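1. got a predicted structure here, sequence first:
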Amino acid sequence: MKGLLLKDFYMAAKYCRSFLAIVIVFIAVTFFGDNNIFFIIYPTMVAGLLPMTLISYDERDKWDQYSGVLPYSKAQLVSAKYITGLLFGACVYLILIVVYAARMANRGTFILDELIFIGVALFVLGIVGPTLMLPFVFKYGVAKGRIAFYVLVGLFAAIGTAWMRIDVYRALSLWINERVLIAAVGAAVLLYLLSWRLSILFYKKRELN
């Protein structure tokens, strides 16, 4: 498993530098820009797309064929992508939370409850991306799996637009409490684990056909 993770890390370092540039630009806009929440949502989405990008390069380089002669199971090949996504996503997530907190403090608008709400929202949105896309990708391949990507982009764009037009935090603060936030995080984690398991099953079946 360590070898698979190193392979994905080296591939990300070589082929996904544009992702890093996008994340840096949007993080800077998050700190210095206006209250457009899209600039903090988009890097979260980009981090979630990384495993699919790595899979596309694997397919291009015929990695599926080469990996068949290596001592790795299909479950390990799938798990490597999920773990890689978690590692990169966690790094981006932590940076965004720190930057957003610094932005609030710099403008004298720091509210802990709002920061917690933003943190939970970003966590859930970051999980939603790979949760929805990866099973499609492992079942049908990257080309057909892009359908899920376009649906996801539309969903995130709609969320960003709605957030710009209304004060989401104030609108939801009337009924959101600690239990609701914990339940949201728990549901996101559970769905991610189910997606992980489903991708393993799909990939095994795809290999057998």
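-> Nice, I can see it. Residues are numbered from 1 along each chain as shown.
2. residue 25: what secondary structure?
-> On the three-state scheme (DSSP: H, G, I helix; E, B strand; the rest coil), residue 25 is labelled helix.
3. repeat for residue 70
-> Strictly by three-state DSSP, residue 70 counts as coil.
4. residue contacts, it?
-> If a contact means C-beta atoms under 8 Å, 6 or more residues apart in numbering, then residue 70 has no contacts. For the C-beta atoms, the positions are set from N, CA and C on the backbone; glycine is no exception.
5. report the buried residues of the longest helix along the chain.
-> With residue count as the measure and DSSP state H as the assignment, the chain has helix 74-106 as its longest helix. By neighbour count with 16 or more other C-beta atoms under 10 Å, helix 74-106 contains the buried residues 74, 76-86, 88-89, 92-93, 95-97, 99-100, 103-104.
6. distance of the residue with the largest distance to the centre of the chain relative to residue 62?
-> Residue farthest from the centre of the chain, counting by C-alpha atoms, centre = their mean, is residue 69 at 30.5 Å. For residue 69, the distance to residue 62 (C-beta to C-beta, to the nearest Å) stands at 12 Å.
7. any low-confidence regions in the protein?
-> 31, 33-38, 68, 145-146, 148-150, 152-177, 207-209 (pLDDT under 70).
8. and if we set it to 50?
-> 208-209 (pLDDT under 50).
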